[in-house]
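Novice: pasted the sequence and its predicted model underneath.
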Amino acid sequence: MSKTSEEVVQFTKQPYIEDVGPRRIKSITFSTFSEADIFKAAEVQVYKDKYYDEKRKPVEGGLLDPRMGPTSKNGFCATCDGSFRDCPGHYGCLTLSVPVYNVGYLGTIVDILKCICKSCASILLPEKEYADYLKKMRKDIDPLKKNELFKRIVKKCTAMASSKKAVKCLKCGYINGTVKRAGLGVEHDRSKVTDSSLEESRSAISHLKDSTGSKSPSIINPDRVLSLFKKIQDKVCDLLYLSDRPEKFLITSIAVPPVPIRPSVFVDGGQMSNENDISERLKLIIQTNATLHQNLTTASYAPKALELWPLLQVEVARYINSDVRGVPLSMQESKPLSGFVQRLKGKQGRFRGNLSGKRVEYTGRTVISPDPNLKITEVAIPILMAQILTYPERVSSHNIEKLRQCVRNGCYKYPGANFIRMADGTLMVLKFPSRVRLADELKFGQIVERHLEDGDIILFNRQPSLHRMSIMCHRARIMPWRTLRFNESVCNPYNADFDGDEMNMHVPQTEEARTEALMLMGVQNNLCTPKNGEILVASTQDFLTSSFLITRKDTFYDRASFSLMCCYMGDAMDHIDLPTPAVIKPIELWTGKQLFSVLLRPHANMRVYLTLTVKEKSYTSGETMCQSDGFVYFRNSELVSGQLGKATLGNGNKDGMYSILLRDYKAHAASVCMNRLAKLSARWIGNHGFSIGIDDVQPGDLLNKDKEGKITDGNVQCDELINKYNNGKIELLAGCDAAQTLETLIAKVLNDIRGEAAKLCMKSLHWRNSPLIMSQCGSKGSPINISQMVACVGQQSVSGGRAPNGFLDRSLPHFHKNSKIPAAKGFVGNSFYSGLTATEFFFHTMGGREGLVDTAVKTADTGYISRRLMKALEDLAVHYDKTVRNASGCIVQFTYGDDGMDPSQMEEKGGLPLNFDRLLLKVKAACPPEEHIGMPSSEIVKVVDETLTKHVMASEGDCSKAFNKSLSEFLKACAERSNNTRVALKLEKELRSEDFDNLENVAKNISGITHQQLQVFMETCISRYHQKVVEGGTAIGAIGAHSIGEPGTQMTLKTFHFAGVASMNVTQGVPRIKEIINAAKNISTPIITAKLEFSDSLVSARLVKGRIEKTVLGQVAKSIKIVMASRSASVTVTLDMDVIQASELCINAHTVKESILSTPKIKLKEQNIHVLDARKLEVIPTSDRSKLHFELHRLKDRLPTVVVRGINSIKRAVIKECDGKKGTYELAVEGTGLDAVMGTEGVDGPKTTSNHIMEVQKTLGIEAARKCIILEIQKTMKDMSIDVRHMMLLADLMTYKGEVLGITRHGIQKMKDSVLMLASFEKTSDHLFNASVNGRVDKIEGVSECIIMGIPMQIGTGMLKVMQRVPPVELQRGADPVIS
Amino acid sequence: MVETLFQDIFRVVGLDPDGKKFDKVTRIEAKSEQFDMYMQLDVNTDIYPLHEGDKFMMVLASTLNLDGTPDTGYFTPGGRKSLADKFEYVMNGKLYRISEEGSGANLKADIYVSFGGLLMMLKGDPSIAAKFELDQRLFILMRKV
C-alpha cells in the first residue's frame, strides 16, 4: 500500500492481522450458495437499474454502487476505502420477488422432482429399497459410482411412474405423474393418471363441450418446487447424492458481483459509458423484477400479476448462461450479451484462456532467419529486443564492475540496464542521468535488471507446439538487425522455415528456472525425439548438398584449398593436424573425404573414434566397393568410403553420423560436429555456388524420345484394357467388378509411367544438374519431382482415383462420353517445362485443390486429437518403483513399456536398446587386437555366460531377460562366424597359442574377437543398458501424447488402400486414428481376419468362405412356388443342387428347414414344414381358409430372404494370400460378428482377430482389446515409426479401468476425477454445476489443476522434495565477559 | 632399402567395370603376374592416366621413410629422400577390412584399402594377407613398366 498518509485509515492501535504465511492450497470443495450466504456476503442492496446520475457519479443502490468497489481508476471503494488497485470489490445483493430456477441446476431439479412426491416431498421408493439404496450411497466414495447409483435411483423412481404412467406416494397417497423439463420450467404431466378424484371431476364437467379434451400438463412453478424442496428430509438428500439442501438450486436472491469483475468504461471522452454484459443483464433483471414486484403489490388479480414471472426466469437464466436452451421464441434476443457460463467456457474462456494458459512478461516475438555461423545451441537476438528484455542479476563481487557499466549505460545504450531493485524492494528507473550516481553507489545484494547479454538462457518456441521439442532452451547471442536467427540444423524440431515464420522467446527470470531450462530443455539435451529415439536436430538442405559434393570421389583439393576448407569449419581458431594427402605423387592432393575425417577429429589429441556404416540412397551392392559410392563407412573417425547424404547426416536415421556421435560421445561431440559442418558447408557452398536454372529442367533429345515412347506404350496398354473391358473380356480381380478392375489396372499402368519417367530422368541427367544433386543427397525433392519438371507430370488423382465425371458421363466436354482413355481421366503427359494443355491444367488444379482442402481439414482434426490425448495422458508419470501412475496414484502400467526403457535413447531401429552389430564393429575398431589372439568360439560362449550371471548380482540390478537373451544370442552368432572362418582357412578348431602362424593372423583380422574386445563389448552393452532405463518422474504420458499426436499432423486425411489383392477398403490415416482413439462403437470398415485350420488349401478356404458369407434361400433355390392342390395349399421350395455344389455350400432340404424355423417372425412351426427329399421341401401354412391365400403369398415373398447359410452381420468374405507366405490363405471378412466367425467350422479360432476394438473387448475381453488397440495404432501409423511403448501406454490407459474407454469427453470423465481438469477440458459449466450439487472435492493433484492453481505439479522435477533435517542452532556461549 | 609388404607387376585388364561414374577417377581392374592377384583400384586418371593393357609395378609399403621409421599418419612435408622418388604415382591410405571369399582350394582373402576414399580391393591367396593388419597405414606406389 503506497498511499499518502492522510488517505490511509488511521488506527490508534495496529489491528491484529494473523500472519498466515505462505500456504499451499490443498484442495477445493465445490458447494452451493444459499440466500443467507448471499446476504452475509453482500455489502449493499442493489435495486436501481441506473448506473450513473446526471453528474456521472455512480448511483447509490445502483449497479455500480461505490460500496461494491471503485468504479473508475481514480475512485475509491466506499466499503474498504481501497483504491482501484487494492480493493478486490465487494458483493451486493438483489432480492427477487418470486423464486426462479437456476438453469445450471435445472436438470438436477427435474431429477429430484422425479424422485419425490409432488405433494408431500417424500421419496417415491418403498421403505426397504430406500434403506438399501441409502446404505449403498453412503458406503461408496467414488463419485463416478455414486453418480451412476443416483441415475439408477432416478430410473427406478420414474420406471415406477412410466409403467403405469403414475405412481402413488406411499406416504400421502397422492398420485404422481411424469415429470420432465419444459423450456425453462418443469412440467408435471398427470394427464394419464387415473385417479378417483379425477374421475369425479370429469363426470362433473361431462356436460361441458370440451369434456373429452385431455387435461394439458401442468407446469409446476418454482415457488411450489421451492416449498417441496424445503420439505425434503436430509436423509433423502443423502440418497439423491446432494451434498447440500436442494432449495439452494432455486434463486431467491442474486449475489451482485463486485464492480471490478464487470468494469464500466467511459468512452467518447467521458460522455458515454460502456457497461459490461453482466451489468446489462443485471439491469434487465432489476427492471423485470421491479415491474413484477409492482404488479404483485398493486394488481388484484394474481395470475395477471405473475405474467412477468416467466420473463424474469428467462432473464435470470440468461444472466447465468446466455445461450440457454428452451427460451420461448418470442423472448429470443438478437444481440446476445454473454452470461457467466460464456465467461468460463470455450477456448477464450476463463478456464482455457486465463487459468490454463496465461499471458506472460519477458517475452519477444519476431520473424526468424537462418544463420549457419551460430552454434546450434545459440539464438541471435536483436539488440532492440535485448534492450527491453532483461534479467535480474544480483550484484556480487564477481560482476559488480560489469553491472556498474550496465547501470551507467542506462536503458538506451546496449549493454545497459533498465532498473535497479534496492534491498528494501524499491525500484530505481535508469532512464535519467541520476543513474551515474546509482552506478557508483551500487552495492552487493542489489538486483540490476540488466539487458540480455551473450550466453543468457532463452526459451525459444514456435507454434504449433506439437511436441516438447517445439520449445527449447538456447543461449542468447546479441546481434544487430531485427530478426531472431538460429542455425538451420534446428529447423526440424520447430518445423520452422524462413518464409516469414515468426517465433517466440521467453527469458527465465531466476537462476533455478535457468538451470532447469538448460538441463531439461536445452537443445543439446533434446537432439533426439522421444517419439522413437531418432535424431531430430541434424544437418539439412544446403549442408547436405555441400557435404554430398565435397565427398564425391573425384573431388580433390590441393594444399591451399584443403587448408582453407579446414579453416572454414572452425573460424581458423582450432588446432588442426593436416592428414597425409591421399595422393602424394605426382602432386599432393587431398580428397574431400579426408576433409570429413578432419571435421570429425581435427587433431591427434581429440579422442573421438567414430565407427559406423550407413547405406545411402544410391547404394546398390558390394558394400564399400559400391559402384556409385553409396556405402558410407567411417572407421575410427576416418571416412573410408561413401558419398555423404541425408542418411548419414540428416535427421530420421538411428545409424547416422550424429546419432552415433550422440550415443558414443554424448551430445557435445554431436553438436560440435554439427556446428563445424554448418560453417564449412555454408562457406564452401558460397564459394562453389549452387543454383538452379532453366537449363536444369530442359530434357535432352534422348530423354524426350524415351519419354514419348513410354507414354505411347502406356496409352496402347490402356486402349487394350479398355477394349477388353468393352468386349467384356477383362479378367476380374478378386472381389472387384469389371469397372473397378479396369480402373485398378489402368491406374497401375499410368502410375508406372511416371515412375519410369523418373527413372529415365535420374539416369539421363548430367551429374552436375542441381535438382538431381539435391534429390540424390536427400536435401530436397524426389525423383518424381524432377520427372514432373523435366519429363511428365503424371496421373492426377482425385479422392484416390482418376478424375471423376463432372459432366454427364465424362469428366470434361472436351472428350467423348464414357471415354476412359488416360487423357480424359486426368493423365498429364506434359512436363511443367513443356507446359500443360488446357484440359491437363484443369485436371491438375483438381488434384491440387484436393490437397489444399485435405490439409485445411486435417489440421483441425489432428489438433483436436492431440488436445484430447494430452488431456487424457497429461498426468501419467514413471515413479521410482518403475510403475506408471496417474496423479491420484492409480497404476496404469507396472513397468513402463514392459521393459522400463526410455524410448528416446533406443539405438536400434525397431526400438530395442542397442544395435549390437554396430557396437561390436566399433569395439573392434577402437580396440585393435595387436598381439592378442582371437578367442575360440567355445570360450566366447563361456565368457558371455559368466559375465551375464555376474551382472545379475551387480548392484545396479539385472538387465531384462529379453536383453540378456538377445546379447548372448548375438555373441553366439559371432562365435559361429569366427568358427566358420577358421574352418574355411583350414585352421584347427581350437587354437593353440604355441603354433601361432600366419593364417591365424588372417583369421583374427577377418572375424576374430579377442578376449579384451569381448570384455569391452559386454561391459559397454550392459552399462549402456542401465543408462537407458527411464528416469523416475518422467512425464511419460505427455511424451506419449506428443509422440502420437505430432505424427498425426503429418498423416494424410483420407488414404484408403487395398488390403492385399482383394479390393477391400480399409479406413486409414486420420479417420482411422480417430476411430481407434474414440473407441468407436461403429467403425466404418470392420474387418475380421480369419486364419484357417487348413490354410494351404484353396478349396477348404472356399468352403469356409461359403460358411461365413451370408447365403439366402433365394440364391440357392431353383424355384419357390405356390402349389394349390385340392386338399391342401403349400409353398414348395426346390433347391438348385448344381449351384450349391458348385459353391460347396453343404445345404440340403433338412438344413434349410432348420434355417427357416430359426428365422424370426416367420411364424412357422415344426409341423408346417415337410421335407420331401434332399432337395425339395414344402411349407404348409396353418391358417384359416379366409387368410390362406395371403399367407401363401407372404411366405412366397419371405422365404427367399431366409438366411440358409452364413452369418447375418457379415457383408462379404474374401480369400487372400497370407502376407509373405505364398500358397497359404486366410479370409478377410467384412463385417462384425467375431464370435460367430471364430466358431465357424474350419476357422482357426484362437488366431482370428478383428480390427474392431469394441467387438474384441466384447468377445475376447479387455486384454485382447489392449493388444488390439496397440496393433491397430501400429498398423495405421506404421510409416511414422513410433516407439511401441507410447502405444502401449495409450492402450493401457484406455483399458486400465476394466473397460475400453475412448479418449473422448465421456471416456476421460471416467478416467479422471478432478473437477477442474474436466472443466478445463470440455463442458465446463456442466462439470462445475454438477460438482457443486454433489459437493465434490478437488485435491489438486493433476497437471491441469496445478496449472490452474499456480502450484508446482507432482511430475518430473516436482515429484521429489528435498527434506533436510536442519540441526538446531546452538549458540556458542563463551564465558561471560569480565567487563561488559 | 626398406622392406615392402607386397610387390608385383599388374596389367590393366579393364576400366570402370560398372560404367563411368566420375570424371577424374577411374576404377581399374588389374591382374598380377607373379602372385595371380586380382585388383580393383580407384586411380585419379586426371593426373595419372591409365589405359587398358598398361602394365605397371605396384608396391605396398607401410612407410615411405627409407630407414623404415613408421609413418605418423599426419602430414610432415619436407624434401627428404623417400621411397616415392622412384615411383610415378603414390597414394596413402588405410587398410580397413580383410575378408574371406570362396572355400576350399578356391579360398581367397580380400584386402580392402581406402586411400582417402579411393578404394583398393586386392584379392589373392590368404597367405599374402598374413602380413597385413587392420587399420594399418599403407602407401601404394605405382610405376609403369
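Specialist: Yep, it's here.
Novice: what's the helix or strand containing residue A:1019 packed up against?
Specialist: Here residue A:1019 sits within helix A:1011-1027, counting by DSSP states H and E. Applying 3 or more C-beta pairs under 8 Å, 6 or more residues apart in numbering or on different chains; DSSP states H and E, we find helix A:1011-1027 packed against helix A:916-926, helix A:937-953, helix A:961-984. In short, each C-beta sits where N, CA and C put it, glycine included.
Novice: out of these, which comes closest to residue A:582?
Specialist: In terms of C-beta to C-beta, the element of those nearest to residue A:582 is helix A:916-926, at 20.0 Å.
Novice: just the CA atoms of that closest one, as PDB, please.
Specialist: C-alpha atoms of helix A:916-926 as PDB (Å, rounded to 0.1, in the frame of the first residue of the first chain):
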ATOM      1  CA  PHE A 916      24.900 -54.900 -31.300                       C
ATOM      2  CA  ASP A 917      26.300 -55.100 -34.800                       C
ATOM      3  CA  ARG A 918      27.400 -51.600 -34.800                       C
ATOM      4  CA  LEU A 919      28.700 -51.700 -31.300                       C
ATOM      5  CA  LEU A 920      30.800 -54.700 -32.000                       C
ATOM      6  CA  LEU A 921      32.200 -53.000 -35.100                       C
ATOM      7  CA  LYS A 922      33.100 -50.000 -33.000                       C
ATOM      8  CA  VAL A 923      34.700 -52.000 -30.300                       C
ATOM      9  CA  LYS A 924      36.700 -54.000 -32.800                       C
ATOM     10  CA  ALA A 925      37.900 -50.800 -34.500                       C
ATOM     11  CA  ALA A 926      38.600 -49.000 -31.300                       C
END
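Novice: helix or strand with the lowest mean pLDDT in chain A?
Specialist: strand A:1057-1058 (a mean of 47; mean pLDDT, DSSP states H and E).
Novice: chain B too?
Specialist: Per mean pLDDT, DSSP H and E, bottom of the list for chain B is helix B:126-129, a mean of 80.
Novice: identify the residues contacting residue A:67.
Specialist: A:43, A:44, A:60, A:77, A:78, A:79, A:90, A:92 (C-beta atoms under 8 Å, 6 or more residues apart in numbering or on different chains).
Novice: which PyMOL command selects the buried ones in these?
Specialist: Burial among the contacts of residue A:67 is assessed by 16 or more other C-beta atoms under 10 Å in any protein chain shown; the matching PyMOL selection reads:
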select buried, chain A and resi 43+44+77+78+79+90+92
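Novice: from the contacts of residue A:67, which land in helices?
Specialist: In this view, the contacts of residue A:67 have no member that belongs to helices under DSSP state H.
Novice: of the contacts of residue A:67, which belong to strands?
Specialist: A:43, A:44, A:92 (DSSP state E).
Novice: before we move on, the earlier item: other residues contacting the helix holding residue A:1019?
Specialist: A:905, A:913-914, A:916, A:919-920, A:923-924, A:926-927, A:929, A:932, A:935, A:940, A:943-944, A:947, A:951, A:956-957, A:959, A:963, A:967, A:971, A:1009.
Novice: ok, the residue in chain B positioned nearest to chain A - how many residues close by?
Specialist: Chain A sits closest to residue B:116 of chain B, with a gap of 2.8 Å, by C-beta to the nearest C-beta. Per other C-beta atoms under 10 Å in any protein chain shown, the neighbour tally for residue B:116 reads 28.
Novice: so residue A:773 versus residue A:1050, what's the distance?
Specialist: Using C-beta to C-beta, to the nearest Å, we find residue A:773 at a distance of 26 Å from residue A:1050.
Novice: settle it for me: which of the two has more neighbours?
Specialist: Neighbour count, other C-beta under 10 Å: between residue A:773 and residue A:1050, residue A:773 has more, with 23 against 13.
Novice: my guess is that one meets residue A:549, correct?
Specialist: Yes - contact between residue A:773 and residue A:549 holds when scored by C-beta atoms under 8 Å: they sit 7.0 Å apart.
Novice: is the longest strand anywhere in chain B in proximity to chain A?
Specialist: The strand that spans the most residues within chain B, counting by DSSP E, is strand B:89-101. Yes - residues of strand B:89-101 contacting chain A under C-beta under 8 Å from any C-beta of the partner chain: B:89, B:90, B:91, B:92, B:93, B:94, B:96, B:97, B:98, B:99, B:100.
Novice: parallel or antiparallel, which strands does the helix or strand just after that strand pair with?
Specialist: Using DSSP H and E, the helix or strand that follows strand B:89-101 towards the C-terminus is strand B:108-115. When pairing is defined by DSSP bridges, strand B:108-115 lines up against strand B:89-101 (antiparallel), strand B:118-124 (antiparallel).
Novice: pull out the buried positions in strand B:108-115.
Specialist: Under 16+ other C-beta under 10 Å, the buried positions of strand B:108-115 are B:108, B:109, B:110, B:111, B:112, B:113, B:114, B:115.
Novice: what is the mean pLDDT for the helix or strand that the least confident helix or strand of chain B is followed by?
Specialist: Downstream of helix B:126-129, the first helix or strand assigned by DSSP H and E is strand B:137-144. What strand B:137-144 shows for mean pLDDT is 89.
Novice: please identify the buried residues of strand B:137-144?
Specialist: B:137, B:138, B:139, B:140, B:141, B:142.
Novice: right, and residue B:114 touches residue B:92 too?
Specialist: No - judged on C-beta under 8 Å, residue B:114 makes no contact with residue B:92 at a distance of 10.4 Å.
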